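Participant: just a sequence and a predicted model for now, questions to come.
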Amino acid sequence: MNGVSEAMQARVRRVLSEVEQKYAVKVLYACESGSRGWGFASPDSDYDVRFLYVHTPEWYLRVEAARDVIELPIDDELDVCGWEWRKALGLLKNANPTLIEWLDSPIVYQQEPPTILTLKSLVPQWFSPLRARWHYYSMARKNFRGYLQADEVRLKKYFYVLRPLLAVRWVEAGKGVPPMRFAELLAGSDLDGALRQEIDELVERKQRTGEAEYGPRRPRLHAFIRAELARGEIPPVLPDSREGDVGELDRLLYQTVMRRA
């Protein structure tokens with residue numbers, strides 16, 4: 001499964017089963033959300049497991065809202081976090097790019113197919129180019145300021161800036177939802193040959209070295225990043241264009257919850 005060993009897949013599923021038992025929930029979907037999902041994991045990359053879950057009907061029949069996130073302690077290999085189903089549907093209604101990205105992950109540990117296929121079918125109706133573009137631009141700007149200002153930088157951090165910048169370009173080109181995998185974003189981007197070659201080399205290096213590797217700042221990449229961030233300060237006119245039916249989300253919530261009755 002895209003570089004995830006059978007042993008690790010089994011471990012993740014055991015952890016998810018333990019979550020179901022401990023919290024009395026049903027995991028509907030679980031995927032990779034980090035560098036393994038993006039397609040440029042290092043040999044020592046951890047596993048960023050994200051999942052969606054639903055409670056029994058009784059959980060929803062209370063006056064005060066309960067916590068709608070499950071977060072497990074992070075260890076050397078696993079970072080596991082999940083969102084409750086009503087929360088997830090509300091995030092889709094608000095065109096949340098992170099949720100939409102999870103649903104495009106190439107590494108899926110488990111899912112309830114009919115429910116998740118229905119959810120995925122609703123994504124185009126709720127996708128907002130305006131919100132997605134702002135999300136990825138803000139991410140690139142924050143990560144550039146936070147990680148790439150020294151003379152020596154962690155090489156992996158280039159991808160935390162390049163990936164959202166390519167997603168910005170994807171959205172601005174009117175291509176719809178940006179793909180999760182970096183290789184697809186890169187293939188769909190019109191970059192000059194020297195820049196593309198340097199990015200390809202950096203991907204190859206990231207995939208064979210450790211997460212903590214440092215190296216000197218790369219002038220060509222920095223020039224591209226600065227130019228894209230400067231260009232992005234004046235955003236193009238993009239539609240919000242959320243045309244979904246809230247009633248469909250309500251029905252999906254009701255049907256999913258009531259299956260646990």
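Facilitator: Everything's here; your move. Numbers count the residues shown, from 1 in each chain.

Participant: where does this structure have low pLDDT?
Facilitator: Counting by pLDDT under 70, the chain contains no low-confidence segment.

Participant: give me the neighbour count for D44.
Facilitator: Look at D44: counted by other C-beta atoms under 10 Å, it has 11 neighbours. Where C-beta positions appear, they are placed from N, C-alpha and C, glycine not excepted.

Participant: name the nearest residue to P97, sequence neighbours excluded.
Facilitator: H135 (4.3 Å; C-beta to C-beta, 6 or more residues apart in numbering).

Participant: now the helices: where do they sit in the chain?
Facilitator: For the chain, applying DSSP state H gives helices covering 6-23, 35-38, 57-60, 85-93, 97-102, 113-126, 129-147, 157-172, 182-187, 193-208, 219-232, 246-258.

Participant: as a markdown table, these with distance to L78 would be great.
Facilitator: A markdown table is the format used below for those (distance: least, C-beta to C-beta, whole Å):
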| stretch | distance to L78 |
| --- | --- |
| helix 6-23 | 7 |
| helix 35-38 | 12 |
| helix 57-60 | 26 |
| helix 85-93 | 21 |
| helix 97-102 | 17 |
| helix 113-126 | 22 |
| helix 129-147 | 23 |
| helix 157-172 | 20 |
| helix 182-187 | 22 |
| helix 193-208 | 21 |
| helix 219-232 | 31 |
| helix 246-258 | 26 |
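
Participant: mind checking the ones you listed for the one nearest to D48?
Facilitator: helix 35-38 (7.2 Å; C-beta to C-beta).

Participant: ok, back up a step: quick one: closest of the helices of the chain to I74.
Facilitator: helix 6-23 (12.1 Å).

Participant: packing partners of that closest one?
Facilitator: Packing contacts for helix 6-23, counted by 3 or more C-beta pairs under 8 Å, 6 or more residues apart in numbering; DSSP states H and E, involve strand 25-32, strand 47-55, strand 78-84, strand 108-111.

Participant: how close does the nearest residue to S189 once chain neighbours are set aside get to E172?
Facilitator: Of all residues not flanking S189 in the chain, L166 sits nearest, at 5.1 Å (C-beta to C-beta, 6+ apart). Distance, L166 to E172, by C-beta to C-beta, to the nearest Å: 11 Å.
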